[in-house]
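**Q** Sequence first, then the predicted structure, then my questions.
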Amino acid sequence: MTFWLDSTTFNNEAGSTSKIQAIEFTMNKWHKSNRYEFALQWQNVGDGAPQWRYWNPCQTEKWVGVPGMSTFPASEVRLRRNAWHTLVLKGNITANQEVHYQEFSIDGKPPHALDITIPPVADTPSDDHLAIAIQLDGNALEAPYDVFLDSVHFTREYAPNTNLLLPPPCTRMPKGLASIKTMRPLFDWDKVGEASSYNLQIATDQNFTRLVQNLNVTSSAYAPTIDLPKGTTLFWRVRANRSNGTSSVWSRVRHFDTPNPPSVPALLLPANGATVTNNKPTLDWSDSTPGLEHYEVQISTSTTFATLLGRGQGGRTVASQYTPEAALPIGTYYWRVRAVNAQGEFSQWSAARSFRVL
């Protein structure tokens with residue numbers, strides 16, 4: 001990390017001088033609602049004892065002296081103004097994903113030992129945040145105070161250790177309070193850096209001994225291509241994989257209840273590819289059960305149904321047939337139907353058919 005120190009007088013009274021008595025580096029790691037922070041204070045103004053602290057919102061602040069700081073020469077505790085300075089923190093990531101800082105150095109001078117450990121958490125963190133304050137010594141004309149630097153450049157370099165576990169993915173949906181309306185819900189989780197693929201397991205028991213699906217996917221989201229079991233409590237989890245075969249531990253287990261939508265309608269008439277002379281043809285399909293409330297009908301000039309015909313040329317009906325209210329111009333049309341119950345749970349779309357109006 002590099003920072004620029006200028007020669008501003010900082011509102012001193014005439015004749016006063018301000019010497020940089022301390023520099024404080026504060027590193028934050030944000031994990032959802034938890035914040036893990038440490039501050040490295042160099043030549044503390046308050047009691048003259050160079051210290052660093054590690055702070056955790058779940059415990060009282062701890063202040064620990066940095067070994068050897070009391071013997072620092074003046075050249076190391078006074079920083080030149082109108083110059084760039086460099087702070088280097090070195091450490092490693094442990095097997096259980098702790099971040100362990102072990103030494104620091106200023107402007108390339110000999111390093112000094114630290115022992116700061118940032119604990120791991122299950123949720124994927126955002127990037128580190130860095131704040132820096134220069135602390136000025138007081139004299140007869142002024143009191144000590146902090147001045148925050150604006151020109152700061154922070155870079156993080158590391159050599160990946162492929163023997164370490166990847167962090168587990170943070171699962172997003174579906175989850176317990178979610179309202180699932182379809183038999184093929186989207187499974188979504190946070191992307192994990194360095195992961196080349198993910199294992200997704202869906203089961204009817206929380207021990208995952210009765211698997212419904214056991215998949216390897218490359219994306220951090222997946223939508224089933226076949227229906228899940230109806231009216232069932234399902235459990236799911238995911239883990240991240242590296243290309244070298246190592247994997248993270250499993251994510252937290254989430255559960256959800258699948259819906260019990262009506263059956264998928266089977267289209268009857270017109271026959272697929274038929275030509276009709278009536279510009280308001282009646283579309284007919286089989287009845288869906290159980291608990292049907294209405295059907296949704298889509299008519300389009302596109303095989304992908306990217307654009308749908310407007311009002312009166314598609315919509316909903318309680319009967320298992322539908323006649324467009326507005327005439328269809330000459331051309332080829334595609335249509336499909338799905339069934340919906342009173343809870344808003346819906347079947348998959350039927351297989352599409354086409355017909356031509358002359």
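**A** Thanks, I have it. Numbering: from 1, shown residues only.

**Q** Checking Ile299 next. Helix, strand or coil?
**A** Assigned with DSSP: H, G, I helix; E, B strand; the rest coil, Ile299 falls in the strand class.

**Q** That one and Phe346, how far apart?
**A** 18 Å (C-beta to C-beta, to the nearest Å). C-beta: built from backbone N, CA, C; applies to glycine.

**Q** Please confirm that Gln102 is located within a helix.
**A** No. Counting by three-state DSSP, Gln102 is not part of a helix but strand.

**Q** partner residues bridging the closest residue to it other than its chain neighbours?
**A** Once flanking residues are discounted, Gln102 sits nearest to Gly91: 4.7 Å by C-beta to C-beta, 6 or more residues apart in numbering. Beta-bridge partners recorded for Gly91 (DSSP bridges): Tyr101.

**Q** which stretches of the stretch 201-350 of the chain aren't confidently modelled?
**A** Applying pLDDT under 70 to the stretch 201-350 of the chain picks out residues 310-314.

**Q** The residue nearest to Gln102 reaches His100, doesn't it?
**A** Yes. If you go by C-beta atoms under 8 Å, Gly91 and His100 touch, sitting 4.8 Å apart.

**Q** what about those two, which has more around it?
**A** Gly91 (18 against 14; other C-beta atoms under 10 Å).

**Q** what's near enough to touch Ser247?
**A** Each residue near Ser247 by C-beta atoms under 8 Å, 6 or more residues apart in numbering is listed here: 165-166, 199, 239-241.

**Q** ok, those vs Leu308, which is closest?
**A** Using C-beta to C-beta, Asn199 comes nearest to Leu308 of the contacts of Ser247, at 37.8 Å.

**Q** what's the distance between the residue lying closest to that closest one once chain neighbours are set aside and Val253?
**A** Leaving aside its sequence neighbours, Asn199 sits nearest to Arg239 (C-beta to C-beta, 6+ apart; 5.0 Å). In this view, Arg239 and Val253 are 12 Å apart by C-beta to C-beta.

**Q** So between those two, which is more surrounded?
**A** In this view Arg239 and Val253 are compared by other C-beta under 10 Å, and Arg239 has more residues nearby, 21 against 15.
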